[in-house]
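Engineer: quick one, structure for this:
(chains A and B)
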There are 2 protein chains.
Amino acid sequence: MDALRDGFAGMDGPGVQRLERHACFGGFQDVYRHRSGALDCDMTVGVYFPPRAAVAPCPVLYWLSGLTCTEQNFITKAGAQRYAAGHGLVLVAPDTSPRGDGVADEDRYDLGKGAGFYVDATQAPWSRHYRMHDYVARELPAWIESHPAVAGDARAISGHSMGGHGALVMALRNPGRYRSVSAFSPIVAPSRVPWGELAFATYFGADRAAWREWDASELVAAAAERLPLLVDQGDADEFLATQLRPDLLREACAAAGHPLTLRMQPGYDHSYYFISSFIGEHVAWHAAALRA
Amino acid sequence: MDALRDGFAGMDGPGVQRLERHACFGGFQDVYRHRSGALDCDMTVGVYFPPRAAVAPCPVLYWLSGLTCTEQNFITKAGAQRYAAGHGLVLVAPDTSPRGDGVADEDRYDLGKGAGFYVDATQAPWSRHYRMHDYVARELPAWIESHPAVAGDARAISGHSMGGHGALVMALRNPGRYRSVSAFSPIVAPSRVPWGELAFATYFGADRAAWREWDASELVAAAAERLPLLVDQGDADEFLATQLRPDLLREACAAAGHPLTLRMQPGYDHSYYFISSFIGEHVAWHAAALRA
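Structural biologist: Coordinates of the predicted model:
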């Protein structure tokens, strides 16, 4: 704790502003604002440094949040810091879309700001800022992993709902980039459910062929790497049958021979109470892959 | 989990409305609205039932939150359910003041709604609704502990900031009522700090003699029961020197021979990141007293 308090600078640097710092489980929960070239706007990111980061570089677990969220939801509600402290993992939780006055938006919760869907949009006006895939896969880790407290060669990814889709697609599109991937309540087949159809039609246009490259249930068929997928899904989730459809991922993985552990959790809903109940198991699972 | 999901009714009953139910660590995080006679208004209360509550009555840890909070802050941010599930404790977290259109208020964060200070006000217009001590010490437990899943003879209390003051005063004013008491960042001497002086002058009037009965640092001198006090306080807390003053409790306990464990936690601030880091130790400490 003293090493952290007295000597640990976090991610400060040119163009980076530290908005928050809180001691937490012997480490620090920070929030930063930095300039993103990929998104052409400022972005906020939560970064948790475990106590071990004061003495040795630590691997990173990236977390992608769901519709309407910012970087705050995961860092205030999931309770993941306790487990990250124990395993010596850095947690990185970015905002869910580009933000700012000049960023295209719609007056609804499932499109535009807070609903970036972790894709690189091709349709105007979205294509200028909505490049969350490029940001999460390339720009964000290049910045985070340049820090001496962060191990540059070991990263994992997870997320919830829209962010669960994001985590699966990030891993499937970028073979070799992640040691492990997991998801809570993910949108596994966005091309075939209302949330995804609206977002993809908006960000990519009407040609559904282009959508396949951003749909986990399509990507598993041709995945260059058989990275095992860990998915937890509550069976009392209000979006289960209409938007999430884990059955479609199960079918696609079975057809492709892609390893999947899909756990239907009885009684659990779509909330952070569900995430908090199982995030410890996910962090332990990622830690095992990252330390291997 | 199946026992809980299929057979566990929670606190439903006449005059009680269940607003939320979420599976959480094998139990349920519920939120209720009920009519309070003590406060003459409807109140919302968070109740966490651990898995063990499906098969045996469980003792209760009451939690009192701080200024500006509702029942939501503790149940969404503290991460206490994990520990309560492990120890088989019910967690009860009420709102921090009376609410509603007819309830007196001021347009500031530290007086009126969200700032009940867990006292029974004597000055109009506050005396009509602001009776949080009566509610927390008598009416709330009478309701909660009438439920068959709740053990009626074993209760503990804790809280944060204004709620830390509330927990200490509840225990000191009601000897024999609590098996254990603890506090995070409590206002230990409200008669001698700005938050407390304003609230007490408003709720009790200018006569400071009346304030002493609601001030933990005064109450320890004549406490009829030497219940040990456990207090955690961050040394980077922005309110430490002006509002919290744990030194005044230390002096009072030393003078009175009242047992106090005051832990100054290096680097921690006033936030729920601090509470979440140590709530596990508090829950374990209360569980040991409740199961003794």
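Engineer: tell me where chain A has helices.
Structural biologist: Using DSSP state H, the helices found in chain A span residues A:2-7, A:72-77, A:81-87, A:132-134, A:140-144, A:162-173, A:194-204, A:216-219, A:246-256, A:272-291.
Engineer: out of these, which gets the lowest mean score?
Structural biologist: Across those, helix A:2-7 has the smallest mean pLDDT, namely a mean of 47.
Engineer: residues in contact with A:Asp12?
Structural biologist: The contact partners of A:Asp12, by Cβ atoms under 8 Å, 6 or more residues apart in numbering or on different chains, come to A:Arg18. For glycine as for every other residue, the C-beta is placed from the backbone atoms N, C-alpha and C.
Engineer: give the contact list for the spatially most central residue of chain A.
Structural biologist: Centroid check for chain A by Cα atoms, centre = their mean gives A:Leu64 as the closest residue, at 2.1 Å. A:Leu64 makes contact with A:93-94, A:96, A:118, A:136, A:157-160, A:162-164, A:166-167, A:170, according to Cβ under 8 Å, 6+ apart.
Engineer: burial measure for the closest residue in space to A:Ala85 that isn't next to it in sequence, as a count.
Structural biologist: Closest residue to A:Ala85 apart from its sequence neighbours, by Cβ to Cβ, 6 or more residues apart in numbering or on different chains: A:Phe25 at 3.9 Å. Number of residues near A:Phe25 (other Cβ atoms under 10 Å in any protein chain shown) recorded here: 22.
Engineer: can you give me the pLDDT of A:Phe25?
Structural biologist: Here the pLDDT value assigned to A:Phe25 is 98.
Engineer: likewise A:Asp153?
Structural biologist: If you check A:Asp153, the pLDDT there is 86.
Engineer: now the phi/psi pair for the residue in the stretch 51-200 of chain A that chain B sits nearest to, please.
Structural biologist: Using Cβ to the nearest Cβ, A:Gly79 is the residue of the stretch 51-200 of chain A that sits closest to chain B, at 3.7 Å. Note on A:Gly79: its backbone torsions stand at phi 70, psi 20 [degrees, to the nearest 10].
Engineer: contacting residues for it?
Structural biologist: If you count contacts by Cβ under 8 Å, 6+ apart, A:Gly79 has them with A:Ser276, A:Ile279, B:Gly79, B:Arg82, B:Ser276.
Engineer: for the last one, which non-adjacent residue is closest in space?
Structural biologist: Once flanking residues are discounted, B:Ser276 sits nearest to B:Gly79: 4.6 Å by Cβ to Cβ, 6+ apart.
Engineer: what's the pLDDT at that neighbour?
Structural biologist: Reported pLDDT for B:Gly79: 98.
Engineer: please list the residues of the stretch 51-200 of chain A that sit near chain B.
Structural biologist: Applying Cβ under 8 Å from any Cβ of the partner chain, one finds that the stretch 51-200 of chain A approaches chain B through A:Thr76, A:Lys77, A:Gly79, A:Gln81, A:Arg82.
Engineer: just among those residues, which is most surrounded?
Structural biologist: A:Gln81 (27 neighbours).
Engineer: right, and the residue nearest to A:Ala85 touches A:Gln81 too?
Structural biologist: Yes. Counting by Cβ atoms under 8 Å, A:Gln81 is a contact partner of A:Phe25 at 4.9 Å.
Engineer: who touches both of these two?
Structural biologist: With Cβ under 8 Å, 6+ apart, A:Phe25 and A:Gln81 have common neighbours A:Pro50, B:Ser276, B:Ser277.
Engineer: quick one: the first one from A:Trp63, how far?
Structural biologist: Taking Cβ to Cβ, to the nearest Å as the measure, A:Pro50 and A:Trp63 are separated by 14 Å.
Engineer: the two: which is more packed in?
Structural biologist: When A:Pro50 and A:Trp63 are compared for neighbours, A:Trp63 comes out ahead with 29 against 24, by other Cβ under 10 Å.
Engineer: tell me who's in contact with A:Val231.
Structural biologist: Taking Cβ under 8 Å, 6+ apart, one finds A:Gly164, A:Ser182, A:Ala183, A:Phe184, A:Pro186, A:Val188, A:Pro246, A:Leu249, A:Leu260, A:Thr261, A:Leu262, A:Arg263 in contact with A:Val231.
Engineer: among these, name the buried ones.
Structural biologist: Among the contacts of A:Val231, the ones that count as buried by 16 or more other Cβ atoms under 10 Å in any protein chain shown are A:Gly164, A:Ser182, A:Ala183, A:Phe184, A:Pro186, A:Val188, A:Pro246, A:Leu249, A:Leu260, A:Leu262.
Engineer: please report phi then psi for the fifth one.
Structural biologist: In this entry, A:Pro186 is assigned phi and psi values of phi -80, psi 150 (degrees, to the nearest 10).
Engineer: quick check, it in contact with A:Gly159.
Structural biologist: Yes. Between A:Pro186 and A:Gly159 there is a contact under Cβ under 8 Å: 7.3 Å.
Engineer: what sits closest to A:Asp40 if chain neighbours are left out?
Structural biologist: Nearest residue to A:Asp40 in three dimensions, chain neighbours excluded: A:His129, at 5.4 Å (Cβ to Cβ, 6+ apart).
Engineer: surely that neighbour meets A:Asp42?
Structural biologist: No. Assessed by Cβ under 8 Å, A:His129 is found out of contact with A:Asp42, at 11.2 Å.
Engineer: comparing the two, which shows the higher neighbour count?
Structural biologist: A:His129 (25 against 15).
Engineer: what about the closest residue to A:His133 other than its chain neighbours, how many neighbours?
Structural biologist: Leaving aside its chain neighbours, A:His133 sits nearest to A:Asp120 (4.8 Å; criterion: Cβ to Cβ, 6+ apart). Residues contacting A:Asp120 under the criterion other Cβ under 10 Å number 19.
Engineer: what about A:Asp120, distance to B:Ala289?
Structural biologist: A:Asp120 is 56 Å from B:Ala289, by Cβ to Cβ.
Engineer: roughly how far apart are A:Leu244 and chain B?
Structural biologist: According to Cβ to the nearest Cβ, to the nearest Å, A:Leu244 stands 16 Å off from chain B.
Engineer: contacts only, for that residue.
Structural biologist: A:Ser161, A:Ser185, A:Pro186, A:Ile187, A:Val188, A:Val193, A:Gln233, A:Asp237.
Engineer: what's the answer for A:Gly257, then?
Structural biologist: Applying Cβ under 8 Å, 6+ apart, we find A:Gly257 in contact with A:Arg226.
Engineer: for chain B, see how far away it is.
Structural biologist: Between A:Gly257 and chain B the distance is 32 Å, computed by Cβ to the nearest Cβ.
Engineer: and if you look at A:Gln265?
Structural biologist: Using Cβ to the nearest Cβ, A:Gln265 is found at 8 Å from chain B.
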